[in-house]
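[1] Kindly return the folded structure for what I paste below:
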Amino acid sequence: MAKKLAFDRVLFGTVIVLLAVGLTMVFSASAALVIESDGDSNPFLLRQAAAAFVGLVLMWTAMHVDYRQLRRPLVVYGGLAIVVLLLMVALFQPDLNGTRRWIFLGPVSIQPSELAKLGTVLFAAYQAERQAERDRAWEMIVPCCVVAGLLAALILLQPDMGTAVIVFAAALLVLFLSGSPWRFFLVSAAALVPLAFVLIRLEPYRWRRITAFLEPERYALDAGFQANQSLIAVGSGGVFGLGLGDSVQKLHFLPHPHSDFVFSIVAEELGLVGACLVLSLFGVFLWRGVVAGLRVTDPFGRLLAWGLTGTIVLQALLHVSVALSLMPTTGVPMPFLSAGGSALVVTLVASGVLLNISQHG
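    Purely as a prediction, here's the structure:
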């Protein structure tokens, strides 16, 4: 029989350390923006600290609410309906830098696409457990693909292709871990590759990013500017870094150093050693997430733990890949480290659910 255990202290400590590193790097990477505005305080750090406080309260709450309550149909479908509604509302919000990704409530802004990641994993784990009992794989696959496709389509309209890819990848990850037939993934690959090509080709800025990725030197002052400046930041750090707060690239050379390219600043200021330590923390997070899933006795808990863990680690790897110019530039934030209140709160809530699952075995 399953029994109640103490929560995973290694996982909890890893989350707290990553959060502390994130707050430090947001403060450091945004310093130039604060100096330029002649501000006495750092608004980026204050917003991130406020989000961290809210996220920690919700994480602690999630740690003490049995994860099996999340498998109730009212929670799964009700939460999904709320996410869809919020994504639709976001499309009618004021334009910000050519996108409509946020819902503005006075001084607070909410990014519903972050909630979509959590909702996708929850729905996929729920469907996988239901259909595993009936041994009908396709009755699990079709609803998951429809829901993930709907959420991804709404996010694409914002537009935000990077997050849309992560949402659909989260669903595919849970389906893969649930033991779905291999032919499904072969068919998915055959369908998604041309679809991705069409979506990229239809948007000029996406196509420019692809061409800049293939020929970075040719577009060093155009579409490849961010990637080249990121590589300069990473290379400048060397083994031990320039020192915390001493980044040069954050002085208006590298765009969005506190969010889309925060790992580049980590590598520049803390060097190869600091960057590897951050990656090691995500490695520990992955290890403990896998262990938490192995401990539980029910398929829902196992797939929920592995889905949440995999989605967070996958997003971190995508962010690092962009920073190292291993893939085309896209605005994928790094979990725990990048500035962004909604992303931080959702990541901490997911960590709380994971910590709750680690208490059962």
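[2] In contact with V26: list those residues for me.
    Neighbour list for V26: F44, L45, Q48, H258, V262, L337, S338, A339 [criterion: CB atoms under 8 Å, 6 or more residues apart in numbering]. Glycine gets a C-beta too; all of them are placed from N, C-alpha and C.
[3] quick one: low-confidence parts of the stretch 51-200 of the chain?
    132-136 (pLDDT under 70).
[4] Quick one: the helices in it, in order.
    Along the stretch 51-200 of the chain, the segments classed as helices by DSSP state H, counting those that start in this stretch run 73-90, 112-134, 137-156, 161-177, 182-202.
[5] buried ones in the third one?
    Within helix 137-156, the residues that count as buried by 16 or more other CB atoms under 10 Å are 137, 140-141, 143-145, 147-148, 150-152, 154-156.
[6] on that earlier part again, quick one: which of the contacts of V26 is nearest to V234?
    V262 (12.1 Å; CB to CB).
[7] ok, the closest one - contacts?
    G22, M25, V26, A29, H319, P333, M334, L337, S338, A339.
[8] Out of the buried residues of helix 137-156, which comes closest to A323?
    I155 (22.2 Å).
[9] I figured R208 was touching Q226, is that so?
    No - the pair R208 / Q226 is not scored as a contact, 11.5 Å apart, by CB atoms under 8 Å.
[10] Between these two, which is the more surrounded one?
    Neighbours per residue (other CB atoms under 10 Å) separate R208 from Q226, with Q226 holding more: 21 against 17.
[11] What are the buried residues along the lengthiest helix in the chain?
    If you go by DSSP state H, the chain has its longest helix at helix 262-295. Neighbour counts over helix 262-295 (16+ other CB under 10 Å) mark 262-271, 274-275, 278, 281-282, 284-286, 288-293, 295 as buried.
[12] I'd like the mean pLDDT over stretch 232-240, please.
    Averaged across stretch 232-240, pLDDT comes to 94.
[13] Give me the contact list for it.
    With CB under 8 Å, 6+ apart as the criterion, stretch 232-240 contacts 242, 247-249, 253-254, 257, 261, 264-265, 267-275, 323-324.
[14] what about it, distance to the chain center?
    25 Å (CA atoms, centre = their mean, to the nearest Å).
[15] next one: stretch 207-214
    23 Å.
[16] number of nearby residues for F92?
    Neighbour tally, F92, other CB under 10 Å: 8.
[17] quick one, phi psi at it?
    Reported as degrees, to the nearest 10, the phi and psi values for F92 are phi -110, psi 10.
[18] gap between it and L115?
    17 Å (CB to CB, to the nearest Å).
[19] go on, R100?
    16 Å.
[20] So which of the two has more stuff around it?
    Counted by other CB under 10 Å, R100 and L115 do not tie: L115 has more neighbours, with 21 against 18.
[21] residues in contact with the residue nearest to the more buried one when sequence neighbours are not counted?
    Once flanking residues are discounted, L115 sits nearest to V83: 5.0 Å by CB to CB, 6 or more residues apart in numbering. Taking CB under 8 Å, 6+ apart, we find V83 in contact with P112, L115, A116, G119, L151.
[22] try it again with 10 Å
    Taking CB atoms under 10 Å, 6 or more residues apart in numbering, we find V83 in contact with 112-120, 122-123, 147, 150-151, 154.
[23] Closest one of those residues to P328?
    Nearest to P328 among the contacts of V83, with distances taken as CB to CB, is S113, at 19.2 Å.
[24] start to end distance for stretch 94-111?
    13 Å (CA to CA, to the nearest Å).
[25] Packing partners of the host helix or strand of A350?
    Element membership of A350 [criterion: DSSP states H and E] is helix 341-357. If you count contacts as 3 or more CB pairs under 10 Å, 6 or more residues apart in numbering; DSSP states H and E, helix 341-357 packs onto helix 9-29, helix 43-63, strand 108-110, helix 112-134, helix 262-295, helix 299-323.
[26] list the buried ones in the first one?
    Buried residues in helix 9-29, counting neighbours by 16+ other CB under 10 Å, are found at 11-12, 14-15, 17-19, 21-29.
[27] send the alpha carbons of it over as PDB?
    Extracted in PDB, the C-alpha atoms of helix 9-29 (Å, rounded to 0.1, in the frame of the first residue of the first chain):
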ATOM      1  CA  ARG A   9      14.100  17.800   0.900                       C
ATOM      2  CA  VAL A  10      16.700  17.600  -1.900                       C
ATOM      3  CA  LEU A  11      14.000  18.700  -4.500                       C
ATOM      4  CA  PHE A  12      12.800  21.400  -2.200                       C
ATOM      5  CA  GLY A  13      16.300  22.700  -1.600                       C
ATOM      6  CA  THR A  14      17.000  22.600  -5.300                       C
ATOM      7  CA  VAL A  15      13.900  24.800  -6.000                       C
ATOM      8  CA  ILE A  16      14.900  27.300  -3.300                       C
ATOM      9  CA  VAL A  17      18.500  27.600  -4.700                       C
ATOM     10  CA  LEU A  18      17.300  28.000  -8.200                       C
ATOM     11  CA  LEU A  19      14.800  30.700  -7.100                       C
ATOM     12  CA  ALA A  20      17.600  32.500  -5.200                       C
ATOM     13  CA  VAL A  21      19.900  32.300  -8.300                       C
ATOM     14  CA  GLY A  22      17.000  33.700 -10.400                       C
ATOM     15  CA  LEU A  23      16.400  36.700  -8.200                       C
ATOM     16  CA  THR A  24      20.100  37.500  -8.100                       C
ATOM     17  CA  MET A  25      20.400  37.300 -11.900                       C
ATOM     18  CA  VAL A  26      17.300  39.300 -12.500                       C
ATOM     19  CA  PHE A  27      18.700  42.000 -10.300                       C
ATOM     20  CA  SER A  28      22.100  41.900 -12.000                       C
ATOM     21  CA  ALA A  29      20.900  41.600 -15.600                       C
END
